Structures are given as structure tokens and as C-alpha cells.
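Enquirer: I need the structure of the sequence given here:
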Amino acid sequence: MLKIKKEEFYNRQTLLKELGLVGQQKLANARIAVVGVGGLGCVSSLYLSLAGVGYIRLIDYDTVKIHNLHRQILYTSGELGQNKAEVAAERLRKQNPFIKIEAVTDKVTEVNVKGLLSDVDCVVDGLDNLLTRYLVNHACVKMQVPYIFGAATGLEGNLSVFSPPETGCLECIMPKELVNIQKKSEFGIIGATSGVIGTLQALETIKLLAGIGKLLKNELMVYDFRDMNLTVVKIAKNSKCNVCSV
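Expert: Take a look at the predicted model:
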């Protein structure tokens, strides 16, 4: 078996003057949590592991189902019924042996959310459940941990970086009391839609951790892939937000 050298693994990445060896070391020292290893989380965690983020905590209590496979690229039909976080962690360890991957199979609740997200530099949103997103958003605000928000349905996607107190939070733009909570089974999706948004989440996370480029802070990127329309909407902190302005 060939011996893989770390410097060769990241060679094409460290050639970038924006990143270089200094930026690569920042990634190696970083700790992140990916909450939800579905369509978004599979893609974002794959690229973040390949980029060399030193510690990735994958959080998902759900199991692999047949209707996941068209978009959740870390799983195969041979893994139906197995826990997503555990399967994904094993796959990512094989992809990059130089980082640490932890699988957490707990369901995110109001009681455990802060513990699940403790000791990380940022949280990547791979969820498809809005109520759980609100729990994660609330915890990130209270712990002042940046939250890389992404959402994908059908042929549409959204992306933003919430980092209170510098920015507002998810509930500033999507107040819980005004949102119609629908079951995820009520939505259809093209697999490539979640692939694009998950990839962009990984890019924003890499930029955040390495300290390069301009982040989508105080902005919401809205994609409509039907006509390939991209809109960036300015968003502001809501002074009456029940979460980040309390």
C-alpha cells in the first residue's frame, strides 16, 4: 500500500496564494460541527474533510433510506438502515486519513444542543428540519459560534453566514412565529441543488476558518436554478429579535 504524504495531499490547495501553508495550518487547527448529514451535510463535510479541517463532528441520529441516495453522496444501497453519522464518518476517514472525524448519533434537542456544539469554531447547517435549525441557531447565538446557514428545496437554495453579535441570526430573517413549519416529506428536491449549496457552505467555512476573502455576513444569497438567477439580499440584525437581541 502506498504511503500518503500530507504535504502532497494538500499540494494543489496550498499553491493558492490566498491560502498557502499558513492557511492550511489554520484549517488543520480548526474544529467544526456539521449538524445533519443529509443532502447538504454529505457534500459540505466531504469537501471540508478533503480541505484538511482538523476535527469534524458529524451529528445525525437518522438512518440511511432508499430515497436519500439520489443526493446524499456518502451513502450506498448497501448501507440502508445504518446510522448516517457513523457511515459518513467511516467514509470520510478513508478519504482523508490526516484528520479526526467524530460521529454523534444523538438527536438534537433543547436539552443537549449546547453540549453537542461545544468546543467548535463554527457550525455547518446540514439540516432539513426548521425546528431543529432554530435550536441550533439559538445555541450558536448564545455561545457566539458562527453558523453557516444553507437550505435547499426543489431547484432553489439559500446561503448565509450568521455570526452574532457582528450579524443578526436566522430568526432575524425567519421569525419562528411567522413561519409555516412543513414536514420535509412535503418538499421535492433535485440532488444537484443540495450539492451546489453544500459546496458553497464548505467554501464559506474554509474562508471563515482560514481568514480569507469576504464572507456572506449580513447578506442572504438566493439561488433560483430554474433560470440560473442569483440574488444577494442585504439583511440586517432585527433589534426586536427574540434570540440575538435579547
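Enquirer: what's around V196, how many residues?
Expert: Per other C-beta atoms under 10 Å, the neighbour tally for V196 reads 18. No exception for glycine: its C-beta is placed from N, CA and C like everyone else's.
Enquirer: which residues of this protein fall in strands?
Expert: Applying DSSP state E to the chain gives strands spanning 31-35, 55-59, 100-104, 122-125, 147-153, 156-162, 219-224, 229-234.
Enquirer: how far away is L135 from V222?
Expert: Distance, L135 to V222, using C-beta to C-beta, to the nearest Å: 24 Å.
Enquirer: the two: who's more crowded?
Expert: More crowded of L135 and V222, by other C-beta under 10 Å: L135, with 21 against 15.
Enquirer: and the strands of the chain as a markdown table, adding mean pLDDT and distance to E90?
Expert: Putting these into a markdown table (pLDDT from 0 to 100; distance: least, C-beta to C-beta, whole Å) gives the following:
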| stretch | mean pLDDT | distance to E90 |
| --- | --- | --- |
| strand 31-35 | 98 | 15 |
| strand 55-59 | 98 | 10 |
| strand 100-104 | 98 | 8 |
| strand 122-125 | 98 | 19 |
| strand 147-153 | 96 | 24 |
| strand 156-162 | 97 | 28 |
| strand 219-224 | 96 | 31 |
| strand 229-234 | 95 | 36 |
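Enquirer: want to try CSV for the ones you listed, with distance to I197 as columns?
Expert: What follows is the strands of the chain, written out as CSV (distance: least, C-beta to C-beta, whole Å):
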stretch, distance to I197
strand 31-35, 14
strand 55-59, 18
strand 100-104, 22
strand 122-125, 10
strand 147-153, 5
strand 156-162, 4
strand 219-224, 7
strand 229-234, 12
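Enquirer: for L130, see how far away K240 is.
Expert: 20 Å.
Enquirer: just to revisit the earlier point, with respect to K6, which of the strands of the chain lies nearest?
Expert: strand 100-104 (13.8 Å; C-beta to C-beta).
Enquirer: now that closest one against strand 31-35, angle please.
Expert: Using axes from the mean of the first three to the mean of the last three C-alpha atoms, to 10 degrees, the inter-axis angle of strand 100-104 relative to strand 31-35 is 40 degrees.
Enquirer: buried ones in strand 100-104?
Expert: For strand 100-104, the neighbour count (16 or more other C-beta atoms under 10 Å) marks I101, A103, V104 as buried.
Enquirer: what is the residue nearest to C140 when sequence neighbours are not counted paired to in the beta sheet?
Expert: Distances taken as C-beta to C-beta, 6 or more residues apart in numbering place Y147 nearest to C140, at 4.2 Å, with adjacent residues excluded. With DSSP bridges as the criterion, the beta-bridge partners of Y147 are V123, F162.
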